[in-house]
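Novice: Sequence and predicted model, in that order:
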Amino acid sequence: MEETTYDYIAVEQKWQHRWFKENINTATKEKQKKFFIHFAYPGVSGYLHVGHMRGFTYCDVIARYKRMTGYDVLFPAGFHASGIPSVGFAKKVERQDPDTLRLLRQNGCTEECINNLTDPLEVVKYFSTVYVDDYWKRFGYLIDYTRVMNTISDGYKKFIQWQFHQLHDKHLLIQKPHYAPFCPSCGPVAVDKSETDVSQGGSAEILDFTVLKFTLKDGTILPAATLRPETIFGVTNMWVNPNVEYHFVKVNNETWICSEECIKKLTYQHDLVQPLKKTIKGTELIGKTCIVPEVNREVPILAGVFADPSVATGIVMSVPAHAPYDWIALVESKASIEAIKIIDVKGFGSNPAKEACDQLGIKSQTETEKLNEATDLVYKKEFHTGILNEKCGQYAGIKISEIKDTVKNNLIQRNLATTLKEFSEPVICRCKEKVMIKQIPDQWFIKYSDAQLTQESKDAVLSMNIYPQEYKDELPKILDWFGDRAAIRRGSWLGTEFPYKKDWIIEPISDSTLYPAHYIISPYVNHKKITVKEMTDEFFNYVFLGMRSPKQEIWKTIKSDFDYWYPVDINLGGKEHKTVHFPVYIMNHVAIMPEQKRPHGIFVHWWVTQKGKEKISKSKGGAEPIVEAAVTYGVDAMRLYYLHIGSPFVDIEWDPETVLKYKNRILNIWRLIQQITSLEDATQENLDNWLKSTLQRHVQKTLDAFGTWDLRVASNEIFFEIQKDLQWYLKRGGADKKLLTEYARIWILLMTPITPHLAEELWETQGYPSFVSNEVYPEFKLKDISEKDEIGEYLLTRVVEDVNEILKVTKMTPKKICIYTSPAWKQNIYRKALQQSAEKTFNVGQLIKETLSDPMMKPLGQQVSQFVAKIAPEVKMLSDLDRSRFLIVLDEKAHLIDAKPYLSQVLHCPVEIYSADDTDLYDPAKKTKFAYPLRPAIYIE
């Protein structure tokens, strides 16, 4: 293949075909040293995007690296098919949703296939094939495809039911009332950052409103919802929206007036809710009065266009002394109402809300950003330092931070209030319906609040390898915070039947905690070596817990595999799993598995975002399709982009122009290796030793980076720093054929985990018959380190940089350049300073004193003082490595003379080299006094 015709698509297809034909991706037990890695399996309800490939690529790179460093590697994958996403997708196809059909056709889905996708099971089957063939194999991932499984297979369901039997036996399954997200079309849904079941609002929180029952003169309830029920004592008026038509509704034999939207919420959360065929305009309520519960104070009803009918009840109580929005609205209403202060707060006077508004210069309700800031300021101060005053009756003198639930519970017990739960932002199901919150009276929960389970899980975290470290620090707090989680849902969900309540399905997070253990069993199920019927609790107890004796020989084989591969060394997933998947993954392993089978590691990666840092999602689009991107840029270029563009622990922005630069780098590396192995043979001892030495430095840095999974640093060393040094070597005239052949061999090995297709093709062109993917990763060779030659090249690059900087500033065209290396006395003092710095004894005054105690140095007293003061900052700032290298005795003049032809060539004029100690040097401008160790003086004429 010619260097100019690197056909990356043909290369990718060629090596993927060979890898999978030879099954090098299938896990084997040969080396008695194992590594088990997997990624959080994706949902199968649509096409993935380029953002997903970042985490998948990290997984493959790590797996390939461990394989090349002497480990048996298990890298399986599967599909999270539970829940409603596939059901929702099938419904879109069934109703001929134009966007869905267009997307399918654009991705090559036939009409026959589209017709089949009205069945959710066919959706799972179709996208599982797409993920394997078009994504994972297309990117060269060495996944063990014999283990591919999904969460709705019969075998997996038996596994999950065993898990829940274990939780039940350990008293970690409990029942209690619960308020859960509910889609009117799809039934219960999970709302979390992974957005498995929803297309919008995955970060929404459930707000727990207290609904206070204000009464009109005829006894009708005017319900106002608040998150601060203790402020009831400061209510001065009510707000209703004059543009809204409010509805009458019967709630537990009480007549309420609220927004139409509120009635729908009430029907899901309260018993005996009966809408009445009667309405009243907001304008008809304005001017009336109502009675404040608990305090029995009569307050007026005023117009407030900000009273949003979609929020809570659509009616708002006003506490202008403690709510900046209420204060500004009251001012603009021009009503003659005085604010009532009920909370004493440090730093505030008689009206905290007014003072916060004045402080921020707020004059209008339209200044929402400032009003939010003022609200945050007041609420935080009141929560941390506020104390209820004498106007609050029995609650006077109690801190705000201690009172909220007390007031709420007392009001509810006396039927002066009730509750209403609502999302903090709109939540939209994947079927496009708005998600509500519904009461379930006898919900089953996994008891994650169990104190012993929480503590053991926190203890387990301490011994885990978790990346980044910040997440390891956060995890104990997350585990403390993690409460009981509703474990089952009812509706048209895909998933495992809950064994303790008929017609209920285990929800998608709860069936995705122990799943890596099923990867051990899955090849035996896939190849029909064990039947689903044989997958009994007794079978799982033996394989996973070592209980009792095996009933079949195959049980022994499977248990042997489990004992070899488990526990998981790295579970890799996006940051959306930090507070959902990873905590329950740890807690279920701690609850069920033996201690020696608990997870060893977690790797959290951040997202690939659209421009503007908005998350790319399947529902929002915003990125090129994976298949098209692979054709445009090449798989290896994309793999390198994911690794090098930023740390795994920061969001990166998808930028096609940047990806093209990585494509060009791949091509340049291909050409460069073709070039160096076809050069005329020539040796330059110092330069050749430098290249060998710097290569080993890069090997060492790469190994260190892989040791902590600093994938950006590793990729930078391999694809940028090594190439830079090689180009310098060639520019200097280096051409040692044997050295360059070995250099290429090591470089190809280093790049293999990251750009395996390029590496395999280069490996073959170099004449090696094996798969480079099966070779051993380079090890650091101390014997090849030559600090002296490293310093020599460092000196040379510094000289060239300094000359070019002088020419740039002076705009001179040089006729001759003279370079003066420093005198021996400066070299000696410099090395002494380095030695003292290494020993932590360096002191400017002491070094000057020691130097001048030598009679030979006394005449140079002022020069010595100036020199030591000059070098002191640099000496203190040097790294240990540079300090060690700079201690090497280098004949600077000899090294520069050796490089004189190169200097003359690159500086485009004759170059003369002198030492400041020379007796016959040419120095018309007296430049030698400026010569320092490793920083020669320069004269240009």
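Specialist: Now that the structure is in, tell me what you want to look at. Numbers count the residues shown, from 1 in each chain.
Novice: how's this structure carved up into domains?
Specialist: Listed domain ranges for the chain are 206-423, 514-564, 655-787, 803-940 (source: automatic domain parsing).
Novice: Please name whichever of the ones you listed is nearest to G46.
Specialist: With distances scored as CB to CB, the stretch of the domains of the chain nearest to G46 is domain 514-564 (20.9 Å). Heads up, the C-betas are built off the backbone N, CA and C, glycines and all.
Novice: Kindly check the end-to-end length of the closest one for me.
Specialist: Taking CA to CA, to the nearest Å, domain 514-564 runs 17 Å from one end to the other.
Novice: mean confidence score for it?
Specialist: Averaged across domain 514-564, the pLDDT comes to 97.
Novice: Now the residue nearest the centre of the chain: closest residue in space, sequence neighbours ignored.
Specialist: Geometric centre of the chain, nearest residue: W606, 2.1 Å, by CA atoms, centre = their mean. The shortest distance from W606 to any residue other than its chain neighbours is 4.7 Å, reached at D651 (CB to CB, 6 or more residues apart in numbering).
Novice: again, but for G792
Specialist: Nearest to G792 is H895, by CB to CB, 6+ apart, at 4.2 Å.
Novice: ranges for the helices of the stretch 51-200 of the chain?
Specialist: For the stretch 51-200 of the chain, the helices defined by DSSP state H, counting those that start in this stretch occupy 52-68, 85-94, 98-106, 111-116, 120-130, 154-169.
Novice: Please disregard the earlier target; I meant the stretch 501-650 of the chain.
Specialist: 515-526, 537-545, 553-565, 581-592, 626-633, 635-644.
Novice: quick one: the last one to helix 52-68, angle?
Specialist: In terms of direction (axes from the mean of the first three to the mean of the last three CA atoms, to 10 degrees), helix 635-644 departs from helix 52-68 by 90 degrees.
Novice: outside of helix 635-644, which residues touch it?
Specialist: The set of residues external to helix 635-644 that reach it, using CB atoms under 8 Å, 6 or more residues apart in numbering, is 8, 12, 50, 53-54, 57-58, 60-61, 138-140, 608, 629-630, 633, 652, 658-660, 662-663, 665-666, 711-712, 714-716, 719-720, 754-758.
Novice: For the domains of the chain, give me a markdown table that also has distance to M638.
Specialist: Below are those laid out as a markdown table (distance: least, CB to CB, whole Å):
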| stretch | distance to M638 |
| --- | --- |
| domain 206-423 | 37 |
| domain 514-564 | 26 |
| domain 655-787 | 6 |
| domain 803-940 | 34 |
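Novice: May I have the residues that are in contact with L104?
Specialist: Residues near L104 by CB under 8 Å, 6+ apart: 93, 113-114, 117.
Novice: Drop anything exposed from those residues.
Specialist: Buried by 16 or more other CB atoms under 10 Å: 93, 114, 117, out of the contacts of L104.
Novice: Not counting sequence-adjacent ones, nearest residue to the last one?
Specialist: Using CB to CB, 6+ apart and skipping residues adjacent in sequence, the residue nearest L117 is V93, 4.5 Å away.
Novice: returning to what we had before: could you point out which of the helices of the stretch 51-200 of the chain sits nearest S203?
Specialist: Minimum separation from S203 across the helices of the stretch 51-200 of the chain (CB to CB) falls at helix 85-94, 17.8 Å.
Novice: just checking, what packs against the closest one?
Specialist: Helices and strands touching helix 85-94, as assessed by 3 or more CB pairs under 8 Å, 6 or more residues apart in numbering; DSSP states H and E, comprise helix 98-106, helix 120-130.
Novice: Next, the buried residues of that helix.
Specialist: Neighbour counts over helix 85-94 (16+ other CB under 10 Å) mark 85-93 as buried.
Novice: now stretch 282-299
Specialist: For stretch 282-299, the neighbour count (16+ other CB under 10 Å) marks 282, 285-286, 290-295, 299 as buried.
Novice: ditto for stretch 184-195
Specialist: Buried, per 16+ other CB under 10 Å, within stretch 184-195: 185-195.
Novice: Look over these and name the one with the lowest pLDDT score.
Specialist: S194 (67).
Novice: ok, back up a step: can I assume the residue nearest to L117 is in contact with D99?
Specialist: No. With contacts counted by CB atoms under 8 Å, V93 stays clear of D99, the gap being 11.1 Å.
Novice: low-confidence ranges in the chain?
Specialist: Scanning the chain for pLDDT under 70 picks out 1-4, 194, 196, 404, 615, 617-623.
Novice: Next up, the contacts around the nearest residue to S770 once chain neighbours are set aside.
Specialist: Closest residue to S770 apart from its sequence neighbours, by CB to CB, 6+ apart: W763 at 7.8 Å. By CB under 8 Å, 6+ apart, the residues touching W763 are 748, 770-772, 775.
Novice: Next, give phi and psi for K783.
Specialist: Backbone geometry at K783, expressed as degrees, to the nearest 10, gives phi -60, psi -20.
Novice: Relative to K692, how far out is it?
Specialist: Counting by CB to CB, to the nearest Å, the gap from K783 to K692 is 9 Å.
Novice: which of these two has more neighbours?
Specialist: For K783 versus K692, neighbours defined as other CB atoms under 10 Å are more numerous around K692 (20 against 7).
Novice: That one: which element?
Specialist: Assigned by DSSP states H and E, K692 falls within helix 685-707.
Novice: Report the next helix or strand after that helix in sequence order.
Specialist: Using DSSP H and E, the helix or strand that follows helix 685-707 towards the C-terminus is helix 711-716.
Novice: Next secondary structure element downstream of that next one?
Specialist: Criterion used, DSSP H and E; the element after helix 711-716 is helix 722-731.
Novice: Can you name every helix or strand that that next one contacts?
Specialist: When contacts are defined as 3+ CB pairs under 8 Å, 6+ apart, helix 722-731 sits against helix 656-676, helix 685-707, helix 737-751.
Novice: mind listing what's buried in the first one?
Specialist: For helix 656-676, burial by neighbour count (16+ other CB under 10 Å) applies to 659, 662-663, 665-667, 669-670, 672-674, 676.
Novice: Also compute the angle for it relative to helix 626-633, please.
Specialist: Using the same axes, to 10 degrees: helix 656-676 against helix 626-633 is 50 degrees.
Novice: What angle do helix 737-751 and helix 656-676 make with each other?
Specialist: Using the same axes, to 10 degrees, the direction of helix 656-676 lies 150 degrees away from that of helix 737-751.
Novice: tell me which strands and helices helix 656-676 is in contact with?
Specialist: Secondary-structure packing of helix 656-676 (3+ CB pairs under 8 Å, 6+ apart): helix 626-633, helix 635-644, helix 722-731, helix 737-751, helix 756-765.
Novice: Highest mean neighbour count out of the ones you listed?
Specialist: helix 635-644 (a mean of 26; mean count of other CB atoms under 10 Å).
Novice: So what are the sheet partners of the helix or strand that that one is followed by and their directions?
Specialist: Next in sequence after helix 635-644, counting helices and strands by DSSP H and E, comes strand 652-653. Strands that pair with strand 652-653, judged by DSSP bridges, come out as strand 608-609 (parallel).
Novice: Determine how far the partner strand lies from the middle of the whole chain.
Specialist: Per CA atoms, centre = their mean, to the nearest Å, the displacement of strand 608-609 from the mean C-alpha position of its chain is 10 Å.
Novice: ok, and which of the helices and strands packed on helix 85-94 has the densest surroundings?
Specialist: Comparing the helices and strands packed on helix 85-94 by mean count of other CB under 10 Å gives helix 120-130 as most buried, with a mean of 19.
Novice: Give me the helices and strands touching that helix, please.
Specialist: Using 3+ CB pairs under 8 Å, 6+ apart: helix 120-130 touches strand 78-79, helix 85-94, helix 111-116.
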